[in-house]
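[1] quick one, structure for this:
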Amino acid sequence: MNYRKQCIGIGLGGVAILLKNLFSLWPEFTELYYSRGIFLGVRVFIDYVLAWCPVPLIYLFTGLVSYYIVRGIHRWWNADYEEIRFKAYAAILGVLSFIGTGLFLFFILWGFNYSRVPVEDQLGFELEPLTLKELKEEFYAETEILKSLRKQIPDADTDPISASDFPDDMEEVLREQLEAWLQVHGFSTVGRVRGRYVVPKGIFLRFSSSGLYFPFTGEGHVDAGLHPLQKAPVMAHELSHGYGFGDEGTCNFLAYVSAQDSPDPAIAYAAHLSYWRTLAINYLQYEPEAYRAFRESLPIGIQSDLDAINEILRRYPDIMPKLRYYAYDAYLKAQGIDEGIKNYNRVTMMVRAWRLSKRI
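    Next up is the predicted model:
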């Protein structure tokens with residue numbers, strides 16, 4: 001048993017936690033020296049050394065880590081320990097070392113971005129919770145935009161929008177749009193973040209999710225089982241994580257603002273529909289009967305799109321939804337996001353503030 005090696009792994013985890021707590025106290029320092037410094041080097045290495053792989057790196061990473069775990073367990077099981085208590089100590093040290101090393105890599109490769117200066121502060125936004133009146137204004141405004149955009153999609157009728165309505169190089173298009181928006185607003189776009197589809201279908205949907213940014217490989221992932229109308233905004237969201245933004249509401253915001261005026265009407269429509277659905281969920285909580293009546297008054301094509309998305313979601317019911325909710329909620333709060341999983345809905349405040357800033 002290499003106790004020195006195990007202690008180094010545990011120590012690295014402790015260093016990572018200490019640095020995380022320190023960085024959270026000085027967001028400006030984190031912004032300057034990590035998010036706009038060290039992290040850019042990480043992006044260059046990942047995007048120009050590793051991202052050439054034709055398959056998602058998460059497959060290779062999972063296989064490699066699984067191999068080392070099995071090998072470690074095998075060696076531990078067959079090791080000759082004088083007493084059972086030494087074997088127990090070895091197991092505990094091994095697990096702690098694995099966790100510590102993982103934490104260190106997580107924060108160095110991406111996790112310190114949770115402590116950077118919030119995007120709204122850098123853009124000069126003041127976020128305020130939406131009143132019911134403001135929520136309805138956003139909701140009705142987005143509805144009119146949806147009606148207009150859907151008419152611009154070639155050959156769109158009353159059937160749901162399909163994959164054939166989107167460009168074949170959607171990953172490239174979304175990345176270019178996101179980079180263009182970030183550059184205009186003074187954010188770094190070093191690197192070339194990848195957005196990958198992963199199988200089996202429903203692998204994320206089964207856990208109340210639709211995508212994942214994996215810091216250990218630096219790639220964004222989208223559940224291949226999603227409806228085509230969901231794939232564009234989810235991919236833009238995961239690409240936003242890849243450019244150094246940890247906050248979920250911020251990534252929803254970046255996915256929206258970077259694609260909402262896309263020259264491709266299907267992508268623009270998908271971005272607005274994703275935001276519309278967020279508004280709808282909130283509006284439904286206030287006036288459920290009014291919302292249902294309004295939904296039934298929508299053009300048949302939009303209703304068909306919403307029904308098609310819901311049908312896909314029903315195919316992949318959640319596995320242990322409460323466990324996933326509390327686990328991810330705890331994870332976000334541990335990263336300094338006080339509202340936890342409710343952070344996703346923060347996009348409504350950000351979009352509202354962004355629109356108001358454009359009117360000034």
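
[2] output stretch 288-300 as PDB, restricted to C-alpha atoms.
    Output of stretch 288-300 as PDB, limited to C-alpha atoms (Å, rounded to 0.1, in the frame of the first residue of the first chain):
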ATOM      1  CA  PRO A 288     -53.200  27.600 -14.100                       C
ATOM      2  CA  GLU A 289     -56.600  27.900 -15.700                       C
ATOM      3  CA  ALA A 290     -55.700  31.100 -17.600                       C
ATOM      4  CA  TYR A 291     -52.500  29.400 -18.800                       C
ATOM      5  CA  ARG A 292     -54.300  26.300 -20.100                       C
ATOM      6  CA  ALA A 293     -56.900  28.400 -21.900                       C
ATOM      7  CA  PHE A 294     -54.100  30.500 -23.500                       C
ATOM      8  CA  ARG A 295     -52.200  27.400 -24.600                       C
ATOM      9  CA  GLU A 296     -55.300  26.000 -26.300                       C
ATOM     10  CA  SER A 297     -55.500  29.300 -28.200                       C
ATOM     11  CA  LEU A 298     -52.000  29.000 -29.700                       C
ATOM     12  CA  PRO A 299     -51.500  28.200 -33.400                       C
ATOM     13  CA  ILE A 300     -51.800  24.500 -34.100                       C
END
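
[3] now find how far off-centre it is within its chain.
    30 Å (Cα atoms, centre = their mean, to the nearest Å).

[4] same question for stretch 24-38.
    That offset, for stretch 24-38, works out to 21 Å (Cα atoms, centre = their mean).

[5] pLDDT on it, on average?
    For stretch 24-38, mean pLDDT is 97.

[6] distance between the ends of it?
    Using Cα to Cα, to the nearest Å, the end-to-end distance of stretch 24-38 comes out at 16 Å.

[7] any figure for the gap between residue 146 and residue 114?
    Taking Cβ to Cβ, to the nearest Å as the measure, residue 146 falls 33 Å from residue 114. From N, CA and C alone the C-beta is placed, and that goes for glycine too.

[8] and residue 223, what are its phi and psi?
    Per-residue torsions, residue 223: phi -60, psi 120 (degrees, to the nearest 10).

[9] same question but for residue 222, I mixed them up
    Here is the backbone geometry of residue 222 (degrees, to the nearest 10): phi -120, psi 130.

[10] mind listing the residues bridging to it?
    residue 197, residue 211 (DSSP bridges).

[11] can you report how many residues neighbour it?
    As a burial measure, residue 222 scores 25 neighbours (other Cβ atoms under 10 Å).
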